[in-house]
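Visitor: Please find the sequence and the predicted model below.
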Amino acid sequence: MEPSTPSTVNNTRKKPTGKAKGDLRRSGSSYNVHRRNDALKRRSASLSALSKIANSSDRPSPTTTTGTNNTDDNKNKENDVATEFAEQQKRMRETAQELRKNSVLLRQAMEKDDLEQVLSRAADVLQALRIVPTIHPRLYYELYLAVSNELRHLEWFFLDQVKKNKVTALRLYEQVQETPHVVSRLYLLVVAGAVYMGVERTLTKSILKDLLEMCAGVQDPLKGLFLRGYFTQILRSKLSDTESGLTTTEAVEFLLWNFEEANRLWIRMQYEVNKERLRRSEERRQVETLVGLNISTIAHLNDLTVSLYSSVIFPAISQQICSCHDPMAQEYLADCVVQAFPDEYHLQTLSEFLTMCMKLIPGVSIRQVIGGLAERFAKFATLSEENRKLVEDSGTFLALERHLPNILSSQGNSLSLLDILSTLLSLTLFTLKAYPRQVEYVDTLLGFAIDALRSNHSFQNNKSSYASDESSTMRKNLLILEEGSPEERLIVRLLTSPLEEYKSITMTLRLGNFSSLLSFLRLEMQRFVAASLLRNQNEYRPCIGAVETLEKLFEFIRPLVEESPGETELIQKNANLTQIHPFHAHLPREVVKVSTTKVRVAEDDSGYFEQVQLLVAKIVYLLDETDSSSLFGLYRVVRRYLYRGGPRRTCITLPPLTFALLRLAHRRYKEETNSASLSDNNSESAENSAQHIFEFALETLSSLSESNVVTSLHLYLQGALAVNECAFRNNNDTLLYEFFARAYLLYEEEIADSRVQFSTLLLIIGTLRCVYRLEPDNYDTLCSKAVKHAAKLLTRADQCLALCACAQLFWTPWLMDASRTFSCLERAFRCAKSCLSLEERSLLLVDVLNASMNLYENGCMDIHLQFFVDIIQHVQQVTNRMGNESSIGKAASARLRRALNYMRKVEAEKYANLLRQPNLLVQ
């Protein structure tokens, strides 16, 4: 005979045939012995929770209004809400106190093994969930936790009673239906049904169907949701058992049934007329997990398969989501689907999911749904190469690209620009992780962002004072994002995310929509993004070989390269402002150190400006150096764009280009000497010749001299050294002389500081000493100019040292003029003697002595013996006057002693006559 089903409970009621009372007491005692420790622990936890609920009087009231409006109406509403919540707290405390008493009586009844009394006390405990009028969901949830803890003990008691044959599961299932109140009866029925299913596994399906049908008896939304949530928890515990008596398909059917009913109750909460809309929405948010619990339970079924999900589960959930026509429900349930089920399932049903998103009503947060899905796909793709291959093979991006425009357009005006950009950012991050080599996919998303910006009218043009200063490309966009707005931050992240992921300028240059999207930002943010492009280059190796590619790079970084009108004056005017822009809190400190809402650019900080311009200057190291002729063409393009930066930028960006040109000219010269490439004398070869490259470098330095005189002068001298290494067939002397002539012009016309004059003149003299391809007349002219400038230095010490250096110019392998050499030394000696400071005079005299010794040893015999004697005697006289206490005097004496020892030991023959002179020993 088959066991009776729940549908025949009225015809099969039987009285239990129990044992003697003494046996029942012993059985109950045995139960208590084995369960006492665990039961006492759970009881103490439950009672402490009840005490906390009953004694809580300082609970803050929930926020039901937002905004900053302080009108009288809002104050009255807030007061009414606070008063109502205080009344709910009072009812809550009273109910909790009664619940605590009933819980104690229930435990006592279970100790006595009195089933009738247990059922009665359990019904009294469940009275707490029948509280009228209904209180706030958070307060009701605390009561629910306390009651469910007691029901857990009640389930153990029922199971123990059935196992000991004190009552049958069927009889227990029938008996709890006699409870008068529907809420209490249904909770007890779920507990008894759980015991019944554990005993009669073959009846599990019928019992679940019976329970779900009877749960419809509670139509109060809040109470019905908690009841169905409790049913889902019981069902989940049963499904964890491998011998539950249900197939996976049957379990899915019951969970979907419960899900649909719970969703209807949840949506009904929005239409309660006795509450404000914001309050209803807040209360719904607090109980939404009771609906999503069903989806989570389905997702954690053991034998769930992709085919079952795609054919049964997702169509049912999708139909329920689309048919409910409630924005909150659609948004939350769609997000539950995204978060609950495995990524492999989403990949197989992506088109169906996106089609569902197209049917969502306006007001649903698309960025929450699509963004959450994209984030899951991104994490999944980064776990392993196999996962990434699975994402690629599934055509994930193509499906997103195909459906995204329709999804966005279906939302109409309810979808803000912020939502669109946030969604596109999530998709961009996913694409960078899953498709690291598909640059065109990222470019497509940037194009979507441009379309959204051009068609969206939710933000207005920020009519700032510098809007008219933008370049022609940037002026095409009528809308410029407001400073520090969330939309601006999202666009910055959209543009910088590919840079951080690719770490390659060549890959970034393949983004055709990059420049157009960049133009929607303010100039300050454009420069930040452009700097990020150069900063994120992994290694500065040659990678640009075409002029078109180089021009595209400069188009990307145009905000860094070009000087905007009035920029210098505006920066100087606001140099003392230090207000930090809100956006810069999210940027690295080393990137943007100072920014203000009034200053147009973040380049007020000279350190940051120099750092960014050095990145621009390093572009020359990205150029392909394979072919020298092509490389010169690239350098011409670089200089054309760098010239647009004005003097403030060229003083930083042109020096590296100049060194690169000099290096290229030397390389080109070697190629010309090793081949007969110039024999044809065609125009193309002449244009790329080494001489023409030097002339090009000379023109470059002419513009640099307007911004940085000292640097330009140094580079003129460096160019002279480079030209000196090349033996041109003609005009070699002219080109070399031109470099020196322009250096002298800068020295004479632009340098006024005496210390800079001294150091620069020494550099000119040292460079002139190294060149050997000048014609004698030109060399003589340049040397005479150096002597003239040396004699006109401000201090005697500078004159002395400069004249000593000039003496070296007239005694070289290509020019040996002993008289002019000795003339410079004599003038230096007179300058040293005329110094008023004894310390300075003693050191200068020793310097003149050393310079004279050097030239004398190199063959300049016009430096006669008496000149050395005069220098040494003057040093001795000065040091004697300073005494032994002067540290400078001691240093001068030590240097003189070393010089004399050198004469004795190293060059004794040359200085033999000198060493015989009396009074030359230093005391």
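Guide: Right, received. Where do you want to start?
Visitor: mind checking pLDDT for His666?
Guide: On the pLDDT scale, His666 is placed at 92.
Visitor: Okay, strands next: where are they in the chain?
Guide: 811-812, 815-816 (DSSP state E).
Visitor: Please identify the deepest-packed of those strands.
Guide: strand 811-812 (a mean of 20; mean count of other C-beta atoms under 10 Å). The way it works is simple: take the backbone N, C-alpha and C, and place the C-beta from them, glycine included.
Visitor: List the contacts of that one.
Guide: Residues from elsewhere that reach strand 811-812 (C-beta atoms under 8 Å, 6 or more residues apart in numbering): 769, 772, 817-818, 821, 855, 858-860.
Visitor: Go through these and flag which are in helices.
Guide: Among these, the members falling in helices (DSSP state H) are 769, 818, 821, 855.
Visitor: For the contacts of strand 811-812, which single residue is the most surrounded?
Guide: Among these, Thr821 has the most neighbours (other C-beta atoms under 10 Å), with 26 neighbours.
Visitor: Tell me which two in the ones in helices among the contacts of strand 811-812 are the farthest apart.
Guide: Arg769 and Ala818 (16.7 Å; C-beta to C-beta).
Visitor: sorry, back to before: could you export the ones in helices among the contacts of strand 811-812 as a markdown table, including distance to Ile751?
Guide: Formatted as a markdown table, these follow (distance: C-beta to C-beta, whole Å):
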| residue | distance to Ile751 |
| --- | --- |
| Arg769 | 20 |
| Ala818 | 32 |
| Thr821 | 27 |
| Leu855 | 28 |
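Visitor: right, and out of these, which lies closest to Leu235?
Guide: Arg769 (96.6 Å).
Visitor: how much space between the closest one and Tyr779?
Guide: The spacing between Arg769 and Tyr779, counted by C-beta to C-beta, to the nearest Å, is 11 Å.
Visitor: For the strands of the chain, could you give me a markdown table that also reports distance to Leu105 and mean pLDDT?
Guide: As requested, the strands of the chain are exported to a markdown table (distance: least, C-beta to C-beta, whole Å; pLDDT from 0 to 100):
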| stretch | distance to Leu105 | mean pLDDT |
| --- | --- | --- |
| strand 811-812 | 117 | 92 |
| strand 815-816 | 121 | 90 |
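Visitor: To Glu142, which of those lies closest?
Guide: Once the strands of the chain are compared by C-beta to C-beta, strand 811-812 is nearest, at 99.1 Å.
Visitor: so what strands line up beside that closest one?
Guide: Sheet pairing for strand 811-812, assigned by DSSP bridges, gives strand 815-816 (antiparallel).
Visitor: who wins for proximity to Tyr230 among the strands of the chain?
Guide: Of those, the one closest to Tyr230 (C-beta to C-beta) turns out to be strand 811-812, at 103.7 Å.
Visitor: Now for the closest residue to Gly371 other than its chain neighbours: which residues touch it?
Guide: If you skip the residues right next to it in sequence, Gly371 has Ser426 as its closest partner in space, 3.7 Å away by C-beta to C-beta, 6 or more residues apart in numbering. Counting by C-beta under 8 Å, 6+ apart, Ser426 makes contact with 367, 370-372, 374-375.
Visitor: Now, those that are in helices?
Guide: Using DSSP H, the subset of those located in helices is 367, 370-372, 374-375.
Visitor: Any of these buried? List them.
Guide: Neighbour-count burial (16 or more other C-beta atoms under 10 Å) applied to the ones in helices among the contacts of Ser426 gives 367, 370-372, 374-375.
Visitor: which one of those residues sits closest to Thr83?
Guide: Arg367 (38.0 Å).
Visitor: show me the contacts for that closest one.
Guide: 419-420, 422-423, 426.
Visitor: again, but for Val878
Guide: Per C-beta under 8 Å, 6+ apart, neighbours of Val878: 838, 841-842, 845, 889, 892.
Visitor: just Phe739 next, same as before
Guide: Counting by C-beta under 8 Å, 6+ apart, Phe739 has contacts 698, 716-717, 719-720, 723.
Visitor: Just confirm Cys835 contacts Leu844, I think it does.
Guide: Yes - counting by C-beta atoms under 8 Å, Leu844 is a contact partner of Cys835 at 6.2 Å.
Visitor: Need the buried ones from the contacts of Arg367 selected in PyMOL.
Guide: Typed into PyMOL, the line below selects the buried ones among these, using 16+ other C-beta under 10 Å:
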select buried, resi 419+420+422+423+426
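Visitor: could I get the contacts of Arg367 as CSV with distance to Arg201 and pLDDT?
Guide: Output for those, formatted as CSV (distance: C-beta to C-beta, whole Å; pLDDT from 0 to 100):
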residue, distance to Arg201, pLDDT
Asp419, 50, 93
Ile420, 53, 94
Ser422, 49, 95
Thr423, 48, 95
Ser426, 46, 96
